[in-house]
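S.K.: Mind folding the following:
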Amino acid sequence: MSKPRGRAPVVTDVNIRRVARALLAEQGPDAVTLRAIARELGVTAPALYRHYGSLDDLFETLRLEFCADLAAELSAEIATLPDDGAVQFFAICKGFRRWALAHTREFTLVFASPGPGRAGMMSRFDEPFGRIFLAAAGRLLVAYDIVTPPTDVIPAELREDLVLFQTELLAALSEAGQKFPVEKLDLGVTYLMIQIWARLYGHVTLEVFGNYPIPLSNPEILFDTMLAELGRTAGMITD
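M.R.: A predicted model of the protein is given here:
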């Protein structure tokens with residue numbers, strides 16, 4: 001008589017994500033395969049398809065989870081700060097950099113991995129991380145007279161895209177319950193927001209991937225200087 005087979009381990013979504021996160025953090029994205037996850041869980045790869053239709057589906061779930069982790073970390077930090085839009089905005093920027101450097105592979109998956117139909121981070125207002133930045137922008141618009149580029153210096157080729165982004169911002173702020181003078185969110189503010197994000201994201205990405213054109217013994221000094229320049233340009237810092 002043949003021996004009865006042992007019952008296969010129960011596979012849960014939580015365990016799949018736990019193993020996938022560990023593989024990503026320890027070995028990088030190439031190590032995250034359904035076969036590798038199944039091997040760690042003691043099952044066959046087809047057992048995972050009950051939870052995820054493909055590896056891309058799993059990566060998207062992880063991306064959303066990392067966004068939520070980052071948002072929770074930033075929310076906890078700004079909750080301890082004064083109710084000042086500029087103070088909280090700069091804390092968010094510094095917290096974003098700190099998280100990226102501490103979680104380089106997670107940062108790469110969320111912010112530096114192309115995907116079909118994937119919207120830019122500045123348009124993901126329905127996700128926790130996007131909501132953090134959106135709330136900070138709303139507080140700044142209410143409390144500060146933001147200095148923006150004159151409309152006539154905005155390249156004509158960009159205006160259609162900026163108007164679309166402006167419409168999305170207004171809708172997202174309204175849905176989030178942010179109360180502020182609508183006229184403050186003009187095309188100049190929209191243009192400024194894109195420029196700020198580009199500089200913030202560009203600096204952090206260069207630092208995460210070690211792509212500065214020169215070696216820097218203390219990149220944080222350059223980052224803080226960049227934030228101060230942005231603050232003065234936008235009227236958030238007056239000294």
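S.K.: Output the worst-scoring helix or strand of the chain on mean pLDDT as CSV - backbone C-alpha positions only.
M.R.: Ranking every helix and strand in the chain by mean pLDDT, DSSP states H and E puts helix 128-143 at the bottom, with a mean of 82. Taking C-alpha atoms only, helix 128-143 is exported to CSV below (Å, rounded to 0.1, in the frame of the first residue of the first chain):
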residue,chain,number,x,y,z
PRO,A,128,-1.8,57.0,0.6
PHE,A,129,1.5,58.5,-0.5
GLY,A,130,-0.2,60.8,-3.0
ARG,A,131,-2.7,61.9,-0.4
ILE,A,132,0.1,63.0,1.9
PHE,A,133,1.6,65.3,-0.7
LEU,A,134,-1.8,66.5,-1.7
ALA,A,135,-2.7,67.5,1.9
ALA,A,136,0.6,69.3,2.3
ALA,A,137,0.0,71.2,-0.9
GLY,A,138,-3.4,72.2,0.3
ARG,A,139,-2.1,73.5,3.6
LEU,A,140,0.6,75.5,1.8
LEU,A,141,-2.0,77.1,-0.5
VAL,A,142,-4.2,78.1,2.4
ALA,A,143,-1.5,79.5,4.7
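S.K.: what's the following helix or strand after that helix?
M.R.: Where DSSP states H and E defines the elements, the next helix or strand beyond helix 128-143 is helix 156-175.
S.K.: Run the angle between that following helix and helix 128-143 for me.
M.R.: Compare the direction of helix 156-175 with that of helix 128-143 by axes from the mean of the first three to the mean of the last three C-alpha atoms, to 10 degrees and you get 90 degrees.
S.K.: CA atoms only for helix 156-175, dumped as CSV, please.
M.R.: Listed next in CSV are the C-alpha coordinates belonging to helix 156-175 (Å, rounded to 0.1, in the frame of the first residue of the first chain):
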residue,chain,number,x,y,z
ALA,A,156,3.1,77.0,-24.5
GLU,A,157,3.8,73.4,-25.3
LEU,A,158,3.3,72.4,-21.7
ARG,A,159,0.1,74.3,-21.0
GLU,A,160,-2.4,71.7,-22.2
ASP,A,161,-0.7,69.1,-19.9
LEU,A,162,-0.6,71.5,-17.0
VAL,A,163,-4.3,72.4,-17.4
LEU,A,164,-5.2,68.7,-17.3
PHE,A,165,-3.0,68.3,-14.1
GLN,A,166,-4.6,71.4,-12.6
THR,A,167,-8.1,69.9,-13.2
GLU,A,168,-7.0,66.6,-11.5
LEU,A,169,-5.6,68.5,-8.5
LEU,A,170,-8.7,70.6,-8.0
ALA,A,171,-10.9,67.4,-8.1
ALA,A,172,-8.6,65.5,-5.7
LEU,A,173,-8.4,68.4,-3.3
SER,A,174,-12.2,68.8,-3.3
GLU,A,175,-12.7,65.0,-2.7
